[in-house]
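Novice: Build me a model from this:
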Amino acid sequence: MATFLLEVGTEELPASFVDEALEQWRSRIPLALKAHYLEASAIELYGTPRRLAVLIHGLPLHQPDQQEEIKGPPVQAAFKDGQPTKAAEGFAQKQGVPLSALEIRPTEKGEFVFVRKTIAGQPTAEILQRLVPEWITGLQGKRFMVWGDGDLRFSRPIRWLVALIDDAVLPIELVSGSKTCISDRHSWGHRVLHPQPVELTHAETYVNAIKAAFVDVDPVERQKTIQREVQAAAASVDGVALISPNLLREVTNLVEWATAVVGKFEPEFLELPPEVVITEMESHQRYFPVLKQAESSQLLPYFITISNGDPAKSAIIAAGNERVIRARLSDGAFFFEADRAVPLDHYLAKLETVTFQESLGSVRAKVARISQNADRITDQLRVSDRADIQRAALLCKADLVTQMVGEFPELQGVMGQNYALTSGESEAVATAIFEHYLPRGATDRLPQSLPGQVVGLADRFDTLVSIFGLGMVPTGSSDPFALRRAATAIVNIVWSANLALNVRQLLQQITTDFATSFSAVMKPSLATLQQQLVDFLLQRVRTLLLDDRQIDYDLVNAVLGENDPEYADRALQDLLDVRDRALFLQARRDDGSLATIYETVNRASRLAAQGSLEPHQLDPSAVIRRDLFQKASEEAFYEALCELHRLMQGQQDYQKLVATLGQMTPTLSRFFDGADSVLVMDPDPAVKQNRLNLLGVLRNHARTLADFGAIVKS
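Specialist: As a prediction, this is how the structure comes out:
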């Protein structure tokens, strides 16, 4: 068994590409080895800003021999009068075997000639020589560069290649025009701390050898080191570091040898909103802020940077960083004071100069649509006091044209809240301006106040309808307006706040407004637009039920319907109900009670499908004739249905529905299989339809919970 090392040395890579490249190799390399019948005991992936590396342990030196079975001509073409023909001779010659090696076997298309061949395994080194260039050039990423005067594209220029099988160099060439990079055993250490080449004697010694040259090549270990050093540095100034996971990942891929450096700034900058100071540190400078204590928002006038330089020069590095942050915070203080010199509503007029989308007009026009949508939502929710909601809708985008948000776009909403309070707006309005952007990410919290929820929904409905109305439907991974995230947020906000909204009605109203106002640029028809949005939102509902709520796929199909538009309409008319039905079904499956009614309801539903009873018919007395009963089991079934209808009339008590259906199971068993069972498909059409109506009423009551035909028996 052998160990193989590949190291691709480069100019400094973008931090995000390091993770992306290693993730691509994580999936592709094992598949490539498997496709060539090579098994490895372990595959280790490493990366820094200047290198990507893979160590493959336990590789065989040769492929195992492979048995191959090759199909030849039909027997009637290969043999005549028991003697081989030219077809048989040609096939044997082509496969390099004697005629005696030919075998005759039956197939679906008759008898054919076959030959078994043993294909000798190739040396692993030869296979790797073909695979390695594909592993390198097959990496995908943003803004790749063309190397030299050739057509080889990579994230940054490739400066060296190391390829070792145990202690031997595996010759690999990367050619791009007149440029050629040939593998050897020489890597490079840290740019500052060890600027000399590192000779690698054996693949197994790679990690330790490169670490001796001040390169911590393992990103997992490097991240742990950074966390430890940052917290230790914060403790040295009696604070606790605020470590953002995103910033930690980025910084990990910006350094090869991490050193934490503490810097400080003037305490008067702490008079700025903490979000401004934190954003300046994290987003612009890649600094870690220092809090007075954990779970606190109170900052200390310190920051921590992770240096990739000489630890002996930490004081000089800190002084340079302090000059930079001081200038940035001074700019922030200037913007903050300038923005607060006028009330927030002063900025509304400036929104006319900001384009939301070329065909859709300005952000000010969008604000008007948000206000209209908010009115419709409050109508449905029957909110009596709308003043805060309408004021928040009007001001929700005003901070976009402030100097602070112009400099720090990620502070939109945050600054709007702050400026609203200093302008004399109510706490509710200020909170809603901030909350209407929530959730900003997958792990962010949802808006908690009703004004924040309503304005957030109104904003997202406008974006969805407007962009879909222009025919700009998300495809694949392309979603520049984050429409999937907007639709997911709509569903999550409704569910988290238990808002009794008819989303179907809202879509009809907003799309009709769009068709009226933007007929000149509208791409789909109104009906097509509405259906696209319904399908899009339902897909988000499906995904959230499956992934977030952990509902079994067949139960999700049962509440959303498969090829049944009635269920789809019902789901968007009442998102709370579709969520509750899915959760209820999953709970009943888990406690076993769903299984007790499954067979009964499914059997009744399958037969009822052959009748003509409409799904909305729930009252047995309106559709069933008792004078056509011929057996006592029919009367018992009818009485049970009447009791079911009486219990469920005007209610959505699914617990009671399942319990009652369970109690009806013996009655249904007598109807189908007892001593006085009936033949549902009676020769008399009237009797047959009457019995189908009995089953149809049962099915219709069960349909109020789910489409049982979509449920898989467990």
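Novice: ranges for the helices of the stretch 201-350 of the chain?
Specialist: For the stretch 201-350 of the chain, the helices defined by DSSP state H, counting those that start in this stretch occupy 206-211, 219-235, 245-252, 274-279, 314-339.
Novice: Now do the fourth one: which elements does it pack against?
Specialist: This means helix 274-279. strand 299-307, helix 314-339, helix 414-422 (3 or more C-beta pairs under 8 Å, 6 or more residues apart in numbering; DSSP states H and E). From N, CA and C alone the C-beta is placed, and that goes for glycine too.
Novice: can you put the ones you listed in JSON lines and add mean neighbour count?
Specialist: Below are these laid out as JSON lines (neighbours: other C-beta atoms under 10 Å):
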{"stretch": "strand 299-307", "mean neighbour count": "23"}
{"stretch": "helix 314-339", "mean neighbour count": "16"}
{"stretch": "helix 414-422", "mean neighbour count": "23"}
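Novice: Out of those, which gets nearest to residue 453?
Specialist: Closest to residue 453 of the helices and strands packed on helix 274-279, according to C-beta to C-beta: helix 414-422, at 15.4 Å.
Novice: So which other helices or strands are in contact with that closest one?
Specialist: helix 274-279, helix 403-407, helix 427-435.
Novice: quick one, that helix and helix 427-435 angle?
Specialist: Here the directions of helix 414-422 and helix 427-435 differ by 170 degrees (axes from the mean of the first three to the mean of the last three C-alpha atoms, to 10 degrees).
Novice: Give me the contacts around helix 414-422.
Specialist: By C-beta atoms under 8 Å, 6 or more residues apart in numbering, the residues outside helix 414-422 that reach it are 273, 275-276, 339-340, 344, 395-399, 402, 404-405, 427, 429-431, 433-434.
Novice: now that helix and helix 314-339, what's the angle there?
Specialist: Going by the same axes, to 10 degrees, helix 414-422 makes 50 degrees with helix 314-339.
Novice: give the contact list for residue 63.
Specialist: Contacts of residue 63 (C-beta under 8 Å, 6+ apart): 36-38, 121-124, 127.
Novice: Ignore what I typed, I meant residue 138.
Specialist: Counted by C-beta under 8 Å, 6+ apart, residue 138 has contacts 24, 28.
Novice: Ramachandran angles for it?
Specialist: Here is the backbone geometry of residue 138 (degrees, to the nearest 10): phi -80, psi -10.
Novice: Name the residues of stretch 154-166 that are buried.
Specialist: Neighbour counts over stretch 154-166 (16 or more other C-beta atoms under 10 Å) mark 154-156, 158, 160-166 as buried.
Novice: Quick one: mean pLDDT for that stretch?
Specialist: Taken as a whole, stretch 154-166 has an average pLDDT of 94.
Novice: Same question for stretch 412-420.
Specialist: Stretch 412-420 comes out with an average pLDDT of 97.
Novice: likewise stretch 309-328?
Specialist: Averaged across stretch 309-328, pLDDT comes to 94.
Novice: Which residues does that stretch contact?
Specialist: Contacts for stretch 309-328 (C-beta under 8 Å, 6+ apart): 192-193, 259, 261-266, 280-281, 284-285, 287, 303, 305, 307.
Novice: How much space separates the spatially most central residue of the chain from residue 495?
Specialist: Among the residues of the chain, residue 442 comes closest to the average C-alpha position under C-alpha atoms, centre = their mean, at 8.7 Å. From residue 442 across to residue 495, the span is 15 Å (C-beta to C-beta, to the nearest Å).
Novice: Same check on residue 711?
Specialist: From residue 711 to residue 495 the distance is 23 Å (C-beta to C-beta).
Novice: Repeat that for residue 265.
Specialist: 43 Å.
Novice: Give me the secondary structure label for residue 43.
Specialist: Taken by DSSP: H, G, I helix; E, B strand; the rest coil, the conformation at residue 43 corresponds to strand.
Novice: Without its sequence neighbours, what residue ends up closest to it?
Specialist: With C-beta to C-beta, 6 or more residues apart in numbering as the criterion, residue 43 has its nearest non-adjacent residue at 5.3 Å, and that residue is residue 56.
Novice: on that earlier part again, could you tell me which of the buried residues of stretch 154-166 belong to strands?
Specialist: Members of the buried residues of stretch 154-166 lying in strands (criterion: DSSP state E): 154, 158, 160-165.
Novice: Dump the residues you listed into TSV; add distance to residue 349 as well.
Specialist: Formatted as TSV, these follow (distance: C-beta to C-beta, whole Å):
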residue	distance to residue 349
154	49
158	53
160	58
161	60
162	62
163	64
164	67
165	70
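Novice: Mind picking the one among those residues that's closest to residue 630?
Specialist: The closest of those, once distances to residue 630 are taken by C-beta to C-beta, is residue 154, at 82.0 Å.
Novice: from memory the closest one sits against residue 139, does it?
Specialist: Yes - counting by C-beta atoms under 8 Å, residue 154 does reach residue 139; the two are 7.3 Å apart.
Novice: rewinding a little: look at the residue nearest to the centre of the chain and give its secondary structure.
Specialist: coil.
Novice: any idea how far it is from residue 480?
Specialist: 18 Å.
Novice: Would you check which pair of the ones in strands among the buried residues of stretch 154-166 lies furthest apart?
Specialist: 154 and 165 (23.8 Å).
Novice: and the residue of the chain positioned farthest from its centre, how far is that from residue 444?
Specialist: Distance from the C-alpha centroid of the chain, by C-alpha atoms, centre = their mean, peaks at residue 81 (65.9 Å). Residue 81 sits 82 Å away from residue 444, going by C-beta to C-beta.
Novice: Residue 494 now?
Specialist: 17 Å.
Novice: higher neighbour count, these two?
Specialist: Ranked by neighbour count (other C-beta atoms under 10 Å), residue 494 and residue 444 place residue 494 first, with 20 against 10.
Novice: need the contact list for the residue nearest to that one when sequence neighbours are not counted.
Specialist: Nearest residue to residue 494, sequence neighbours excluded (C-beta to C-beta, 6+ apart): residue 575, at 4.8 Å. Contact analysis of residue 575 by C-beta under 8 Å, 6+ apart lists 491, 494-495, 501, 503, 541.
Novice: for residue 119, same thing?
Specialist: Contacts for residue 119 (C-beta under 8 Å, 6+ apart) come out as 65-68.
Novice: Output the residues you listed as TSV; include the columns pLDDT.
Specialist: Shown next, in TSV, are these (pLDDT from 0 to 100):
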residue	pLDDT
65	82
66	79
67	77
68	80
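Novice: Where strands are concerned, which of those residues count?
Specialist: Using DSSP E, the contacts of residue 119 in strands are 66-68.
Novice: Tell me the helix or strand right after the helix or strand encompassing residue 459.
Specialist: Element membership of residue 459 [criterion: DSSP states H and E] is helix 450-469. Where DSSP H and E defines the elements, the next helix or strand beyond helix 450-469 is helix 483-497.
Novice: average pLDDT across that following helix?
Specialist: Per-residue scores along helix 483-497 average to 97.
Novice: angle of it against helix 427-435?
Specialist: 140 degrees.
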